[in-house]
Structure formats: structure tokens, C-alpha cells
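> Sequence and computational prediction follow.
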Amino acid sequence: MNIITEEKAIDEILTRSVQEILPSKESLKKELMSGRQLKIYIGADATGPALHLGHATNYIILEKFRRLGHKVVILIGDFTARIGDPTDKTAARVQLTRKQVVEHTKTWLKQLLPIISINDEDNPVEIVYNDDWLSKMTFENVINLASNFTVQQMLERDMYQKRMKENKPIYLHEFMYPLMQGYDSVHLGVDMEMCGNDQKFNALAGRTLAQRYNKKEKFVFITTLLENPVTKEKMMSKSLGTGVFLDMSADEMYGKIMAQHDENMLQLFIDCTYLTAEEILKIKETLGRKDSNPRDIKARLAFEIVKIYHGADAAQSAADGFDKTFAKGGVPDDVLEIKLGDGEPLPDALVKAGVIPSKAEWRRLIESGAVRLEDDSKVVDPHFTPNVTVILKIGKRRFVKISR
RNA sequence: GCGCAGGUGGCAGAGUGGUCAAUUGCAACUGGCUGUAAACCAGUCGCCCUAUGGGCUACGGGGGUUCAAAUCCCUCCCUGCGCACCA
């Protein structure tokens, strides 16, 4: 494999979406310029099928490394997933079956395909499962690993300090997590790990272990987390409902990006699109101008991102659909169709189809004037049941075609 | 093992016998406005019913006291803190 050492490309990788590089940016640059092939890995916990734009950032960078000719490894944390990373605040220990993990992995790789050429002919991505080695370790091995760290080092972590202050439990097995993730580095013999800022501690544990067991300097490449520059809130939060997930349809993804806060736009351009630094600079200037319309810039952002995952055509039709539905208050082209049985009341059919959660909710929606027909006339009778085919608008976002 | 403090709706967190389907904040949903599903303002936010009313289910699990319990008692499970133990 021929290793590309073009300085401009390397500089771009080392600056864009980078939070921190350990031990230093300079030492990594030196390695990258040396022409030696590096083995770079990223860990992915198979806890759920959902991958969002924040994850994508990492894989975008990983792909850039791969194109330079470096060996890229995606580690599926099927073993670690069972323990539950304590970094994730309450991390209920969900026990996943091997089968579920395999399923998740399949959907993941599918979602990653638009970003990273996993099956590239010359330099394919290697996919490994840490259950293959972690599940075979003995108690003795684990104790040996554990002896590399002190309790104080573990307790130093912010989240533990916080939990102690708040009298929240800290489980013993949580200390094992950095050990496991760290051992992955040893087993794989990697030169670098890529991770988000939340994984810094774990990655550093791996650095320590790699030094001791492999006599190797492992680099840690930490990418920025997607967070609101003003409120510091996570952009891709499932609980906040702001996440943009890679398995979303083009329309859904487009809408979710449009729902991002204005102040998030620039970072999303940097971390989640392939626009060049020059183009992004131009956008930044436009954003600063008083006469510019943030809506249009956000639409550009949405288009660029959706394009990556669904192609330009789908992105364009998502944009058109969005304008038609929300800017002009129309009805999108493809609406859910519900066939109403003979004598079946409309509310029952809607609940059954999962359009609304309950009939009580339906009543409230009617009362608040949220339900309209295609000609914008309001439905005021909660028992309204059409006897011809109609299109119902429920709020701005829900549309159902009721057919008989 | 002992003592003390806790376990409440998607989350955080009030309530300590009836006025509690449960204050408030976040999230969600709807309306208004707009530059969009941004922001802001307002409303809604357990379920079911032929409904300015009625019924059912819910405050860790189970049992009890009472006309009446999220609230009192018993018991079990879980968590934190302190003490004790520490080969």
C-alpha cells in the first residue's frame, strides 16, 4: 500500500473537527509524513442501532485516513456493550444477545457505507469484534490489567466526583470499562485510536496499556463533540429529540436538520459535510452579514448532509417537499393511507395505525384546532368520520389519507 | 451486620391522610407569530366513556389500618451516607 504524505491533506485532517491529539499534533504529523502505514481504529458500541451525525464526523475523518493509505479498523464493541459505558450517565446495564449485536452491526455498516468505503478493493476496512478476545480472558488476566491503575485514578474522573457529591451509586464493574477498551488497543496493536471527547479517559487507559504491554506510543485522536456553542447542550441528543440519525429517511433527516438551532449551523458544516474549508469560510462570512437569511443557509446545510446519505436527487426532493409542506402549508406527496373499515370510527382507526397515541389525545387535538381537511377547514366534531376519501392534516407535520 | 436518609409521571424534582391524575422545570404536542419543524409568546400533556359529568389505572413490590392513603403501619426488594467488620 502506497502511503500518501501530501502535507496539505494531512494539515486539513489535523485541524478540522479536532478537539485534541495526544501526545501532540506535531508528533502525529511527523508520523503521518514519515510514509509508514499506521493502524488506526475506532470503537463502536453495539448498544443500539442508532448512529447520528456526531458519529459520522469520526468516520468521515477515518475515511480520510484510509484514503491516505492507512490501515483502518472498525471495532464492534459487542463485549463492551454488555457492560455499559459509565460515561453514559445512567447506563442501565442492558444485556444484549449476540444475535441483537449482529443485527445492530449489520444496520450500522449499512449506514456507514455512504461515508466510508468499507469494501474498498485496495484498502478495505477491517472489522473486528472485541468479544473474540475479551470474553476469553481469565480472572487472572483481568486482575493483571487492573493492577495498572489505581482507584484514585478512576475516582478522579469528573463523573464519579459528581456522583459522589450527589450520593449516586458508582458500581465496581464500571471501573472495568476503561480496562476493556484499553485492552482492545493492546490486542489490536494499533498506532492510533479515534474517539469523541467523552471517550478520552478510556482511550488514555489504552495508551497506558499499549505502552506497558506493547512498548508502543499509541496516538489518541479526539474529535469535537457536536454541541451548541451557546448553551453547550448536545446537538445529537435522543432525549432532547434533536438527534439527526443516519438511518432516517431523506425527508425526516432534512426536517431534523432544519430544526437545529441557528447557532449550530457552522459547526455542522465543518463536522458533517464535505465542503471545503474555503466554502465554509464563505458561509461563515455570509452568516455574519445582516442581510443574509439564516433559513437559506440552513437549507443549504440540510441539503449537503442529506446528499451524503441519500444522494443529490433525494436531497432535492426532500428540500422541495419541505418547502411545499411547511413554507406553503401544503400536503406532501406521499402520505400515510388508512383504510377505514365499515362502521369503524375514525379515532379508533387512527390509534390503531399509531398516528395518535390515544383517543383522549385526539379529542385534545380537535379542541385545540389542530385537525384540518385539505381545504383548511377545521374538524370540530371529535366523532367526525368521513364517508368519502379525505386527507387529514393533524398539526403541521402529520398527514393521513383516510380512504374507504 | 447496625443506624440514618431515600425509591413519585419520558427525565429532574415537589407533595407527607381527603381540595392529588399529583406544584414546578426540561422534553414532547398544539395554536399564534415568523426566516423553518429556529427563536419568542400562549395552551395541552394517564386511559376509557353518547361527557361542563362519570369510570378505571398510577406515586419500588406485596399485605394491612381507615369512610378515605403517594401520604400511616408491617414486610420484602433497591440506593446513598455513617459506623462496625477487614483474612
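Yep, that arrived.
> ranges for the helices of the stretch 301-404 of chain A?
Per DSSP state H, counting those that start in this stretch, the stretch 301-404 of chain A carries helices over the ranges A:346-352, A:359-367.
> In space, what's closest to residue A:185 - neighbours in sequence excluded?
Closest residue to residue A:185 apart from its sequence neighbours, by C-beta to C-beta, 6 or more residues apart in numbering: residue A:206 at 3.5 Å. Just so you know, the C-beta spots here come from the backbone N, C-alpha and C atoms, and that holds for glycine as well.
> Provide the secondary structure category for residue A:5.
Three-state call for residue A:5 (DSSP: H, G, I helix; E, B strand; the rest coil): coil.
> likewise residue A:124?
coil.
> quick one: whichever strand or helix holds residue A:27 to chain centroid distance?
Element membership of residue A:27 [criterion: DSSP states H and E] is helix A:25-33. Counting by C-alpha atoms, centre = their mean, to the nearest Å, helix A:25-33 is centred 28 Å from the centre of its parent chain.
> helices and strands around that helix, which ones?
Packing partners of helix A:25-33 (3 or more C-beta pairs under 8 Å, 6 or more residues apart in numbering; DSSP states H and E): helix A:7-15, strand A:219-223.
> And it, what's buried?
A:25, A:28, A:29, A:32 (16 or more other C-beta atoms under 10 Å).
> Report the angle between it and helix A:7-15.
140 degrees (axes from the mean of the first three to the mean of the last three C-alpha atoms, to 10 degrees).
> Next secondary structure element downstream of helix A:25-33?
From helix A:25-33, the next helix or strand downstream (DSSP H and E) is strand A:39-45.
> Isn't the residue nearest to residue A:185 up against residue A:180?
No - counting by C-beta atoms under 8 Å, residue A:206 sits too far from residue A:180 to count as a contact (9.6 Å).
> more crowded one of those two?
A side-by-side neighbour count of residue A:206 and residue A:180, using other C-beta atoms under 10 Å, places residue A:206 first with 28 against 23.
> Is it correct that the more buried one falls within a helix?
Yes - the assignment for residue A:206 is a helix, going by three-state DSSP.
> so how many other residues sit close to residue A:139?
7.
> Please apply the same query to residue A:248.
Neighbour number of residue A:248 under other C-beta under 10 Å is 20.
> before we move on, what SS does it have?
Relying on three-state DSSP, one would call residue A:248 coil.
> tell me the SS of the closest residue to residue A:145 other than its chain neighbours?
Nearest non-adjacent residue to residue A:145, counting by C-beta to C-beta, 6+ apart: residue A:179, 5.0 Å away. Look at residue A:179: counting by three-state DSSP, its state is helix.
> separation between residue A:179 and RNA strand B?
20 Å (C-beta to the nearest atom of the strand, to the nearest Å).
> Kindly report the same for residue A:278.
24 Å.
> Give the bridge partners for the residue positioned nearest the centre of chain A, please.
For chain A, the residue nearest the mean C-alpha position is residue A:52 (1.9 Å; C-alpha atoms, centre = their mean). Residue A:52 has these beta-bridge partners by DSSP bridges: residue A:245.
> And the strands in chain A?
For chain A, applying DSSP state E gives strands covering A:18-22, A:39-45, A:71-77, A:126-129, A:192-196, A:219-223, A:336-339, A:371-373, A:390-394, A:398-403.
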